[in-house]
Structure formats: structure tokens, C-alpha cells
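Q: Sequence first, predicted model second:
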Amino acid sequence: MAEKRRSELAEYIIENQEKFYRLAFSYAKNKEAALDIVQNAIVKALEHQNDIRNKEYYRTWFYRILVNESLTYLRKSGRETLWEPMVLNNVLEKDGGYEKNSTEIYDEVMKLPEEMKTIIILRYYEDLPLAEIADVLQISLSKVKYRLYTALEKLRQNCA
């Protein structure tokens, strides 16, 4: 049973390694640091593979480990890091257009508090549903919704 679980976990990690690297890079903005973050997350996942019983929860469980490793890296490095800009046009345009390009939006996203940036990354860059984000961050769904709403409002105001 443990061998099957290890095999399933390894398969999941291999299938999604590019997503994991992209998320880690969004925090570290450094190739080597991002690879280290992913490696540390994989090691922790393998060490604690018996904590998860159902294959359906690998995604939420591993993202939680990966986000925690990324935040640990940020705390240890003491640096504010940047991540590649991605456009939130469709979200920001709901209440009207804005005059800024994707690089300027990116700069505005970088000004958000860490907990809001994390939710934006997981929602719009990793396509996680809000319920999974709540599980990853180990906070209530209502808190995720509030932080997301607040972050989007700030972006709308700053990008108008």
C-alpha cells in the first residue's frame, strides 16, 4: 500500500513539475532558488506521504507544502521578490476598463500584501478553485473570498 501511494505521488509530481516550478519561481524570481523550493517541497511530501490517504487530495496537500516552502524561502532570504507578469485583464475589466498595461498591473500586484498575492497567484496563475486555496492556506473559504475581493478592489482602484 505504501509503495502504491509513493508511486502515485511520484507520478503526480512528475506530471505537474512545470506548474510547481512556475509557482516557486513566482516567489523566488530566481531559477536556482525555485528549483530548491520545489526540491524541498518534494522531499517533505515524500517524508510525509503517509499523512495523505486519498489520491484526490494530492493537489491541495502538495500546493500547501509548496506555498509554505516558498514563504519560508522569502522569510529566510529577507528579500521582496518579483514574479513574471500575467494579465488580469478579464478580472479587472469587469467594472470598466483601465489604462495600464500588463507590466504596470504586475507592479500593482507586487504591492499587495503577501497573503493577497498568494491568493492571486493560486487563483489566476495556477487556476485553483477558491475551496482548494482555502485548504492550501489552511484558512476559511470566507477569508479567501474576502482577501481575493479586497486584492481585486485594490488592483481595480490602482489600475483605473
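A: Sure, I can see it. The structure presented is a predicted model; accordingly, all values stated were derived computationally and were not measured.
Q: Local confidence estimate at the residue sitting nearest the centre point of the chain?
A: In the chain, the residue lying closest to the centroid (C-alpha atoms, centre = their mean) is residue 122, at 3.8 Å. For residue 122, the pLDDT comes out at 86.
Q: how much space between it and residue 104?
A: Separation of residue 122 from residue 104 (C-beta to C-beta, to the nearest Å) stands at 22 Å. Backbone N, C-alpha and C define where each C-beta goes, glycine included.
Q: now residue 18
A: Residue 18 is 27 Å from residue 104, where distance means C-beta to C-beta.
Q: which secondary structure element contains the closest residue to residue 118 other than its chain neighbours?
A: Nearest residue to residue 118, sequence neighbours excluded (C-beta to C-beta, 6 or more residues apart in numbering): residue 67, at 6.3 Å. Per DSSP states H and E, residue 67 falls inside helix 58-77.
Q: who touches that helix?
A: Identification of contacts with helix 58-77 by C-beta atoms under 8 Å, 6 or more residues apart in numbering yields 8-9, 12-13, 16, 20, 23-24, 27-28, 33, 36-38, 40-41, 44-45, 51-52, 81, 114, 118, 122, 126, 128, 132, 135-138.
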